[in-house]
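Asks: build the 3D model from these lines:
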Amino acid sequence: MAFIIKEELKTVGVPAVIEKAINENDDIVLDIIDETEDVMRSYLSGRFNVDAVFNAVAGDRSGVVVKHFKKIVIDEIYKRKTGGLNEVTQLGYDEAMTWLEGVASGKINAGDLPPKDEEPIQGDGFIKFGGNTKYESDF
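Replies: Coordinates of the predicted model:
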């Protein structure tokens, strides 16, 4: 199931314009939504449990992730229609990408996003110092 559905885009774009941009072909929107999810997963996967983030439903989803997700999707839809840049959607896209880059680098607090699960410790957990036994040689 997709992270958002086409009907949720009404908060960032005019539904009639969206329909014209996709020529009333919902498959285009679904492809853009899937591509956007892949982009966001790639940014967030270093620090967060992306499966928990993107498998959340309705009210359990992070509002800030949904907001930036929609901005990226609507920009891609408008670019498809015009073949160029729309200043308003480009500003939203730039804001979303800046947020993603900041969250990925740790410069921006991501709020309530679930952290990535800890990797299990390999070995017995102790640091061992030393080296090979020294051998005397005849040289």
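Asks: ok, the residue minimising distance to the centre of the chain to Met97 distance?
Replies: In the chain, the C-alpha nearest the mean C-alpha coordinate belongs to Met40, at 1.5 Å (C-alpha atoms, centre = their mean). In this view, Met40 and Met97 are 10 Å apart by C-beta to C-beta, to the nearest Å. The C-beta positions use only the backbone N, C-alpha and C, and glycine is treated the same way.
Asks: now the common contact residues for the two.
Replies: By C-beta atoms under 8 Å, 6 or more residues apart in numbering, Met40 and Met97 have these common neighbours: Ile72.
Asks: rewinding a little: give the other helices and strands that the helix or strand that the residue nearest to the centre of the chain is a member of contacts.
Replies: If you go by DSSP states H and E, Met40 is part of helix 26-44. In terms of contacts (3 or more C-beta pairs under 8 Å, 6 or more residues apart in numbering; DSSP states H and E), helix 26-44 is packed against helix 50-55, helix 63-82, helix 87-105.
Asks: dump those helices to CSV, plus mean pLDDT and mean neighbour count.
Replies: CSV is the format used below for the helices and strands packed on helix 26-44 (pLDDT from 0 to 100; neighbours: other C-beta atoms under 10 Å):
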stretch, mean pLDDT, mean neighbour count
helix 50-55, 95, 16
helix 63-82, 91, 20
helix 87-105, 93, 16
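Asks: tally of neighbours for Lys134?
Replies: Neighbourhood size, Lys134 [other C-beta atoms under 10 Å]: 6.
Asks: one more: the one 4 residues further on?
Replies: If you count neighbours by other C-beta under 10 Å, Asp138 ends up with 3.
Asks: wait, a helix at it?
Replies: No - for Asp138, which was evaluated using DSSP: H, G, I helix; E, B strand; the rest coil, the result is coil, with no helix membership.
Asks: how close does it get to Thr11?
Replies: Distance from Asp138 to Thr11, by C-beta to C-beta: 82 Å.
Asks: over to Ile77?
Replies: Taking C-beta to C-beta, one finds Ile77 at 14 Å from Thr11.
Asks: fine by me, thanks again.
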